[in-house]
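A.B. asks: from the sequence below, what's the structure:
(one chain, ligands or ions: 1)
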Amino acid sequence: MAFDFIATALDKRRSEGLLRSHNTVNSAAGQMIEIDGQHYINFSSNDYLAMRRSSLVSQAWIDGISEYGAGSGASPLVTGYTNAHQALEEYLASELKRDKVLLFNSGFAANQAICQALFSKGVFSQSHAHNEDVIIADKLMHASFIEGAQVSNAKLMRFKHNNTEHLHMLLDANGTQKKTNTLVATEGVFSMDGDQAPLYTMVTMSKQADAWLMIDDAHGFGALGKNGRGVIETHNLSQQQVPILMATFGKAIGTAGAFVAGSHDFIDYLINFARHYIYSTAMPAAQAYATLISLQAKQCSERRSILAQRIEQFKWLAQKAGLILMPSNTAIQPLVIGDAKKALAASEKLKLLGLWVTAIRYPTVPKYTDRLRITLTAGHEIRDIEALVDGLQIVLHASKDIK
Ligand SMILES: Cc1ncc(COP(=O)(O)O)c(C=O)c1O
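C.D. replies: Coordinates of the predicted model:
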C-alpha cells in the first residue's frame with residue numbers, strides 16, 4: 001500500500017513513548033494557561049520577558065494592522081516590503097552594530113536560508129559552493145540549522161558540545177586547504193540545555209582558521225545583556241568577529257519571525273540568493289511594527305532584572321531541595337530524567353499539581369537525555385517558583401524510578 005510507512009512510523013513512536021501531539025491552549029493570562037478546562041502555571045514558554053501579552057506590544061500590533069492591513073500581500077522583493085520592515089531592520093543594524101539586517105518569517109527559515117545560500121549549488125543560486133566547503137557545528141545545534149547544513153553541498157562536521165579542543169582538531173584537519181570556505185556555527189544559549197557557548201575561544205579559533213563564525217542567538221537575544229542584545233552584547237563581539245548573527249523574535253521579544261545580521265555584501269547576497277527569503281510572503285508589516293515597539297520598550301530592562309532574580313531563586317531553591325540541575329545560568333533550566341516514558345510520567349504528575357512542564361524527548365534531545373525543560377519568565381512570581389520546586393520534589397523524590 002502506498003505510504004504505509006506512515007502508520008508504521010506512528011506506531012513505533014507510540015510504543016516508544018515518543019509520539020507527539022498538540023495541547024490546545026484555550027486561554028492564557030500572565031503566567032497561567034488553560035488546557036482542557038484545567039489551569040496551570042506555565043513553565044514551558046519561551047516568552048522570557050512576558051512581552052507576548054503586554055498591552056504595549058499587543059496594541060502596537062493592532063495599530064500596525066490599522067496602518068498596513070493584516071498581511072503583507074506579497075514577497076519582500078515584489079511589494080511585500082514596507083517602511084515598517086525597513087525601520088525594524090535599520091534599528092536592529094544600528095543596535096547590534098552590524099552593517100545590515102534582513103528579516104525572515106521564522107528562525108527555522110533563516111537558518112535554512114543561510115545554509116542554502118552559502119553552500120548549495122542550485123539552478124538559481126550562483127553560490128560558489130563546492131564540495132570541499134565545510135560547516136563545523138556544535139553537536140547540539142538546533143534542527144533548523146543542522147538539517148539545512150545536511151542538505152547543503154558542504155561537508156558537515158559536528159564538534160562535541162562546547163568542546164573547543166574538538167573544534168580545534170576539526171579546524172586543523174580542514175583549515176589548511178585554503179581554497180575552502182568554512183563556517184563555524186553555534187548557539188548563544190543552547191535551546192535545550194540553557195548553557196552558553198565559549199564564544200571568546202571560538203572567535204579566536206575561527207579567525208585563526210580563516211573561518212566565519214555564526215551564532216544562532218534565538219534564546220539569548222532579548223533576554224541577555226544590559227540592553228537585551230544577547231550574547232553579542234554580553235561578549236561585546238563585533239561583526240568582524242561574528243560575521244553572521246541570527247536571532248528570533250518569537251521568544252523574548254514576544255512576537256514572531258527572525259533576522260540575520262551581517263555585512264552589506266552578505267545581506268545583499270541573501271536578498272539575491274536565499275530562496276526562503278525570495279519565494280515567501282513577507283512577514284506582515286504589523287508584525288514588524290509590533291516587534292520594533294517591543295525591542296524599544298522601556299519595561300524590558302526591568303523585566304530582564306526580574307527574570308535574572310527568578311533564575312537565581314529557582315536555582316537556589318532547587319539546590320536546597322536536592323534537585324540535580326544542568327549547568328545553566330539562563331531561563332532554560334532542564335532536569336534530565338534519561339528516559340522518554342519516565343519524563344512523560346513526571347510531566348503528567350506535575351500537571352496534577354497545576355504545573356505545566358513539558359517533557360522533551362528524543363529525537364529533540366539526544367537519546368537517554370529525555371528531560372523536563374523548565375523555562376522561567378519575568379511573568380513568574382516568586383510563589384510560582386516555590387510551587388514548582390515543591391512540585392518537582394514531590395514528583396521526582398516520591399518516585400524511585402525517576403531521578
Ligand atoms: C536555537 C533555535 N534556533 C532556531 C529556532 C527556530 O526559530 P523559529 O521558532 O522562529 O522558527 C529555534 C526555536 O524555535 C531555536 O530554539
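A.B. asks: quick check: domain ranges of the protein?
C.D. replies: Following automatic domain parsing, one finds the domains of the chain at 19-53+298-398, 55-296.
A.B. asks: reformat those domains as CSV; add distance to the ligand, mean neighbour count and mean pLDDT.
C.D. replies: (Glycine included, C-beta is placed from N, CA and C.) Listed next are those as CSV, based on distance: least, C-beta to the nearest ligand atom, whole Å; neighbours: other C-beta atoms under 10 Å; pLDDT from 0 to 100:
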stretch, distance to the ligand, mean neighbour count, mean pLDDT
domain 19-53+298-398, 7, 18, 95
domain 55-296, 2, 20, 94
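A.B. asks: okay if I get these as CSV plus distance to residue 6?
C.D. replies: Formatted as CSV, the domains of the chain follow (distance: least, C-beta to C-beta, whole Å):
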stretch, distance to residue 6
domain 19-53+298-398, 13
domain 55-296, 20
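A.B. asks: figure out which of these is closest to residue 12.
C.D. replies: domain 19-53+298-398 (9.1 Å; C-beta to C-beta).
A.B. asks: what about that closest one, distance to the chain center?
C.D. replies: 17 Å (C-alpha atoms, centre = their mean, to the nearest Å).
A.B. asks: closest one to residue 8 among the domains of the chain?
C.D. replies: The nearest among those, by C-beta to C-beta, is domain 19-53+298-398 at 12.9 Å.
A.B. asks: okay, now the sheet partners of the helix or strand containing residue 135, with direction.
C.D. replies: Under the criterion of DSSP states H and E, residue 135 resides in strand 134-138. Paired with strand 134-138 in the same sheet, following DSSP bridges, are strand 155-159 (parallel), strand 182-187 (parallel).
A.B. asks: all helices for the stretch 251-400 of the chain, in order.
C.D. replies: Ranges of helices in the stretch 251-400 of the chain, per DSSP state H, counting those that start in this stretch, are 264-273, 275-278, 285-296, 299-320, 340-352, 382-392, 398.
A.B. asks: now do the stretch 1-150 of the chain
C.D. replies: Counting by DSSP H, counting those that start in this stretch, the helices of the stretch 1-150 of the chain are 5-15, 55-68, 83-96, 107-119, 143-151.
A.B. asks: now the helices of the stretch 251-400 of the chain as JSON lines including distance to residue 222?
C.D. replies: Formatted as JSON lines, those follow (distance: least, C-beta to C-beta, whole Å):
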{"stretch": "helix 264-273", "distance to residue 222": "21"}
{"stretch": "helix 275-278", "distance to residue 222": "22"}
{"stretch": "helix 285-296", "distance to residue 222": "8"}
{"stretch": "helix 299-320", "distance to residue 222": "7"}
{"stretch": "helix 340-352", "distance to residue 222": "26"}
{"stretch": "helix 382-392", "distance to residue 222": "21"}
{"stretch": "helix 398", "distance to residue 222": "37"}
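A.B. asks: so which of the ones you listed is nearest residue 147?
C.D. replies: Closest among those, once you apply C-beta to C-beta, is helix 275-278, at 12.7 Å.
A.B. asks: distance from the chain centre to the closest one, please.
C.D. replies: 20 Å.
A.B. asks: only alpha carbons, please: show that helix as CSV.
C.D. replies: Extracted in CSV, the C-alpha atoms of helix 275-278 (Å, rounded to 0.1, in the frame of the first residue of the first chain):
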residue,chain,number,x,y,z
ARG,A,275,15.2,31.1,-1.6
HIS,A,276,13.5,31.1,1.8
TYR,A,277,13.5,34.9,1.6
ILE,A,278,12.8,35.5,-2.0
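A.B. asks: what helices or strands is it leaning on?
C.D. replies: In terms of contacts (3 or more C-beta pairs under 8 Å, 6 or more residues apart in numbering; DSSP states H and E), helix 275-278 is packed against strand 100-104, helix 107-119, helix 264-273.
A.B. asks: again, 7 Å this time
C.D. replies: For helix 275-278, the elements it packs on are strand 100-104, helix 107-119, judged by 3 or more C-beta pairs under 7 Å, 6 or more residues apart in numbering; DSSP states H and E.
A.B. asks: wait, which of these is closest to residue 206?
C.D. replies: Nearest of the helices and strands packed on helix 275-278 (C-beta to C-beta): helix 107-119, 14.8 Å.
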